[in-house]
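Asks: A structural model of the following input is requested.
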Amino acid sequence: MRADGRTDAARPWSRGGGRAAGCPAAASGQGARPRRSRARAHHDPTAVPTAPATASPSAPPKPSAPAKPSASAKPPKPGPPSTDPDYDVFPCNTGDLTFTASPAEPTTSSYLLKVTNKTGKPCRVLGHPVVTFGALDGQAKKRGSAPGIEEAIRLAPGQSAYAGLMGGLKSGTSKTVSSIALTMDTESDLAQAPLKASTPGLTVATGNSVTAWMDNAEDALSL
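Replies: Prediction:
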């Protein structure tokens, strides 16, 4: 008992600083709750901010190399050349020839027409010659038939073909010319400059006609 009349049992704390054994909190084992330590974020004012990550652009895809053609794609080899000696013989153009006209029958005013291949290659004379009379309009009519291109006369260099020009009968409407012009009857993109020949006293009338090309003079004048 203390001098003030109070006993030590009335004090809730023991001298050692702990609760007395009779304290309900000490008996139940539930003491004061432990303090939770809170970590505070430490901010460094000198820290450099980190840049946000960006995706780097990807390189463009490289073009693929072109595929090599297969060995089987080779073009076929050309066949052997034709053995036909006339497979590349073309129609005679007017410029391939020389031209003459000679009197054949003075009484009928007929002329023998002759063309000669002056080139170094063979050619074929087709159909009938186209004959005009000086400065007069019109041309001689075709007399008889002509062979096709495959049967047409083949002229080797220096060879000739013939046609007969039949004169007209003199009348009140007939005219006389001193020259004629000839071109070949062929479809060609080349210029067809007429070949001229002298024909003094040739009577021009409605009956003038010309034969197809022949390989001899006799046949040309017999039609």
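Asks: only C-alpha atoms for contact and neighbour calcs from this point on.
Replies: Noted.
Asks: isn't Phe99 right up against Leu113?
Replies: Yes - between Phe99 and Leu113 there is a contact under CA atoms under 8 Å: 7.4 Å.
Asks: These two - which one has more neighbours?
Replies: Leu113 (26 against 18; other CA atoms under 10 Å).
Asks: And the more buried one, how close does it get to Thr173?
Replies: 25 Å (CA to CA, to the nearest Å).
Asks: Could you confirm Thr119 falls within a strand?
Replies: No - Thr119 is assigned coil when assessed by DSSP: H, G, I helix; E, B strand; the rest coil, not a strand.
Asks: This structure: helices as residue ranges?
Replies: 24-27, 217-222 (DSSP state H).
Asks: which non-adjacent residue is nearest Gly138?
Replies: Excluding its sequence neighbours, the residue lying closest to Gly138 (CA to CA, 6 or more residues apart in numbering) is Thr132, at 6.4 Å.
Asks: Could you tell me the model confidence score at the one you found?
Replies: For Thr132, the model assigns a pLDDT of 95.
Asks: Give me the distance between the two termini of stretch 115-124.
Replies: Note: stretch 115-124 ends 12 Å apart using CA to CA.
Asks: Return, as residue ranges, the portions of the chain with sub-threshold pLDDT.
Replies: 1-88, 106-108, 188-190, 223 (pLDDT under 70).
Asks: one step back: the residue nearest to Gly138 and Glu150, how far apart?
Replies: On the measure of CA to CA, Thr132 and Glu150 end up 27 Å apart.
Asks: So for these two, which sits in the more crowded spot?
Replies: With neighbours defined as other CA under 10 Å, Thr132 and Glu150 compare such that Thr132 has more, 19 against 11.
Asks: Next, the contact list for that one, please.
Replies: The contact partners of Thr132, taken as CA atoms under 8 Å, 6 or more residues apart in numbering, are 138-140, 180-182.
Asks: looking at the sheet around it, what are its partners?
Replies: For Thr132, the beta-bridge partners are Gln139, Ala181 (DSSP bridges).
Asks: distance of it from Gly168?
Replies: Where Gly168 is concerned, Thr132 sits at a distance of 14 Å (CA to CA).
Asks: Spell out the residue ranges of the strands in this structure.
Replies: All strands of the chain, identified by DSSP state E, fall at 90-91, 97-105, 110-117, 123-125, 130-133, 141-143, 153-155, 160-166, 175-183, 195-204, 209-211.
Asks: what's the first one packed up against?
Replies: What it means is strand 90-91. strand 123-125 (3 or more CA pairs under 8 Å, 6 or more residues apart in numbering; DSSP states H and E).
Asks: can you list contacts of the strand it packs on?
Replies: So strand 123-125 is contacted by 89-92, 117, 149, 152-156, 161, 184, 213 (CA under 8 Å, 6+ apart).
Asks: mind redoing it with 10 Å?
Replies: With CA atoms under 10 Å, 6 or more residues apart in numbering as the test, strand 123-125 has contacts from 86, 88-94, 96-97, 115, 117, 149-157, 160-162, 184-186, 212-215.
Asks: Could I have the buried ones of the residues you listed as PyMOL selection syntax?
Replies: The PyMOL selection below is limited to those of these classed as buried (16 or more other CA atoms under 10 Å):
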select buried, resi 91+92+93+94+96+97+115+117+152+153+154+155+156+157+160+161+162+184+185+186+212+213+214+215
